[in-house]
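Q: Sequence and predicted structure, then a few things I'm wondering about:
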Amino acid sequence: MGDRNDLRKEWIALAPAWIRETREGRNAVRKGLLDPIMLEACGDVKGLNVLDCGCGEGRFCRMLAEWGAGHVLGLDLCELMIEAARELKSGRDDYKVQDVQDLGFLEDESFDLAVSYLNQCDLPDFEANTREVFRVLKRGGRFIIANLHPMRSASGKWHRNAEGEKLHVVLDNYFDEGERHWEMLGVRFTNFHRTLSTYINFFIKTGFAVKEIIEPTVTADRLKEYLELDDELRVPNFIVYVLEKP
C-alpha cells in the first residue's frame, strides 16, 4: 500500500490544477451530476454543525454554508488546498490541515452531519475514517459518502472498436482490492479499489444504519447542458451511501 507521505505529495502536485478547474472550469461531474444528489442526501442543513472529510479547496463546504449550515469544518491533508479554502471562507466555515483518518482532536458526538465527497476512495484506511466519523457524530446524525462506484474503480476502462467507439466498460480484477493509478489534469495519482460488500459490511459493523444507496445518473435537462456526461446513462461511475448513526 502506498506511503501516506507519497499520496500527500501527489495531491500537492495536483492542487494548483485542481483548484483552477474547480473554480474556473466546467467541473461537469460535480455540477452536472453529483452536487444535486449530495445536497438532497444532506437534507435540511440549517443550523447544523457539519464536518467535511477531504474538503479540497472548500467548494462543498461553501455550498453547505450557503444552504444555511450553522458551521462547517473542512479537513484536508493538502496544505495548498486548505490555503485556497481559507481565501474564500464565509464566516461559517473553517478549515484545518488534518488527516481524516485520525480525528482525535474532535470531541465525541459533536457533529450533526458529516460528508465525504469523493474522498474515502483516496484513503488508504477508509475504516479508520468511518470509525472516527461514527464517534464524532451525534445520535441520529448522518454520514453522506460519495465514492467511485466499485464497478468502475476496479478497472474503469472502456473497450473500444477500431474507430474508437465505446463498446462497453471492462470489469476485471474486481476482487483484487488495493491501489489503482490514474491520471487527472496531467498528474498521476493513486486511489483505492474496494468491493461493494467491503464498504457496506464495514459501515454496518461500525454501527451505521444504511438508509439509502444511490447510483447517480444524469437527467435529460443536465445532459443538455453537460453533453460529456453521456456515459452516466450507460454505467454507474459513482455511488452515494447515506448512513445514519442510530
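A: Structure received. Predicted model only: the values in this text are computed from it and were never measured.

Q: Give me the neighbour count for residue 231.
A: Close neighbours of residue 231, defined as other C-beta atoms under 10 Å, add up to 15. C-beta here means a position set from N, CA and C on the backbone, and glycine is covered the same way.

Q: show me what contacts it?
A: 166, 237 (C-beta atoms under 8 Å, 6 or more residues apart in numbering).

Q: Surely it forms part of a strand?
A: No: with DSSP: H, G, I helix; E, B strand; the rest coil as the criterion, residue 231 is helix rather than part of a strand.

Q: the longest helix in this structure is where?
A: The residue-count maximum for a helix in the chain (DSSP state H) belongs to helix 4-24.

Q: Show me how far it is from its chain's centre.
A: Helix 4-24 sits 15 Å away from the centroid of its parent chain (C-alpha atoms, centre = their mean, to the nearest Å).

Q: contacts for it?
A: 27, 56-57, 59, 77-81, 84, 99, 122, 124, 184-190.

Q: now stretch 167-184
A: Contacts to stretch 167-184, defined as C-beta under 8 Å, 6+ apart, come from residues 1-2, 14, 18, 150-161, 188-195, 198, 234-235.

Q: rerun at 10 Å
A: 1-2, 7, 10, 14, 17-18, 21, 121, 124, 148, 150-161, 188-198, 231, 234-237 (C-beta atoms under 10 Å, 6 or more residues apart in numbering).

Q: Filter the residues you listed down to the ones in helices?
A: Per DSSP H, these map to helices at 7, 10, 14, 17-18, 21, 150-153, 196-198.
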